[in-house]
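Q: just need the structure, nothing else, for what follows:
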Amino acid sequence: MTTLFISHGAPTLAIEPGLTGKLLGELGASLPKPSAILVVSAHWDTRYAKVSTAPKPETIHDFGGFPKQMCDIQYPANGAAALAQQTASLLKNAGIAVELDANRGPDHGAWVPLMLMYPEADIPVTQLSIQSGLTTAHHYAMGQAISQLQAENVLIICSGAITHNLHDFFTQQRDAKPLAYVHEFSEWIVQKIEQNDIEALLNYRKTSQYVVKAHPSEDHLMPFFVSLGAGAGQPVKRYTPEDTFGILAMDVYVWE
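A: Okay, the predicted model is just below:
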């Protein structure tokens, strides 16, 4: 199995899938069917790593100001308690503090891409939190710790954003051309991946001149570093389906 990094965009991707939704649907159909899925979402942000053991996780509608139909969407996949326990053990063995959460369900960073990739909701899913208060190196180490799950037919989906500036999102015209930093930062990321310059990526706050605009806060890029660690040493393919609202680069990476 493999690891994906998905730029999940706005929650409305669920009802306005566009080119990104088409791509995610094609990926879901083309990949071997996983036995279970572990999602690392930017929208579950905790002090220490947490993994959900909920057997029947409830769909979380963690947003406001969007069409009412968004809150009617359910993603009724079963939980994956055994995978959660295994994930916690791998993290502990790597010296990473981790707790189990018996109630957490998928937030929109998880269920929006999942419903586009696996609309039947017939694959067990659990979720691992990020810790935006900790370092990129911490998240890279998390990815390395859980990488062996791929050998057990577990799909790791890391869901965040290659660019994420909420101020610009709420002030930019929805049909505006992409702002310059959107392209520049996403191209900087792929360049460093192709150069295997992990140090520059982990130190992106210092090494990229576009970062202040691309990521005023770090939460939506932290899942990327988990995927970078989980996919270390593997070939990687980048998909660039579109830029939405002139702000969000919807890049998807597949570690093969």
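Q: now residue 104: closest residue in space that isn't a chain neighbour?
A: When the adjacent residues along the chain are set aside, residue 104 lies closest to residue 52, with 3.9 Å between them (Cβ to Cβ, 6 or more residues apart in numbering). C-beta coordinates here come from the backbone N, C-alpha and C atoms, glycine included.
Q: what's that neighbour in contact with, if anything?
A: Contacts for residue 52 were tallied using Cβ atoms under 8 Å, 6 or more residues apart in numbering; they are 79, 84, 100-105, 126-127.
Q: again, but for residue 41
A: Taking Cβ under 8 Å, 6+ apart as the contact definition, residue 41 lies against 106-107, 109-110, 127, 129-130, 159-160, 223.
Q: next step: those restricted to helices.
A: Assigned to helices by DSSP state H, the following of those qualify: 109-110, 223.
Q: strands along the stretch 101-250 of the chain, start to end?
A: Residue ranges of the strands in the stretch 101-250 of the chain, as given by DSSP state E, counting those that start in this stretch, are 125-130, 154-160, 236-239, 243-244, 248-249.
Q: sheet partners, orientation included, of the second one?
A: In this case it means strand 154-160. Here strand 154-160 has these sheet partners by DSSP bridges: strand 3-7 (parallel), strand 36-45 (parallel).
Q: and the third one, by the same measure?
A: On the basis of DSSP bridges, the sheet neighbours of strand 236-239 come out as strand 252-255 (antiparallel).
Q: tell me how many other residues surround residue 233.
A: 7 (other Cβ atoms under 10 Å).
Q: can I get the ones in helices among the contacts of residue 41 in CSV with neighbour count?
A: Supplementary listing: these in CSV, determined by neighbours: other Cβ atoms under 10 Å:
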residue, neighbour count
109, 30
110, 31
223, 31
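Q: nearest to residue 238, of these?
A: Residue 238 lies nearest to residue 223 out of the ones in helices among the contacts of residue 41, by Cβ to Cβ, at 15.7 Å.
Q: in the stretch 51-200 of the chain, where is pLDDT below threshold?
A: For the stretch 51-200 of the chain, residues meeting the criterion pLDDT under 70 lie at 166-176.
Q: helices of that one, start to end?
A: Using DSSP state H, counting those that start in this stretch, the helices of the stretch 51-200 of the chain run over 81-93, 108-117, 136-146, 166-171, 180-194, 198-202.
Q: which of those sits closest to residue 154?
A: From these, taking Cβ to Cβ, the stretch that ends up closest is helix 81-93, at 6.3 Å.
Q: quick one: contacts of that closest one?
A: If you take Cβ under 8 Å, 6+ apart as the criterion, helix 81-93 is touched by 36, 38, 49, 51-55, 97-100, 124, 126, 128, 142, 145-146, 148-149, 154.
Q: I am finished for the moment; much appreciated.
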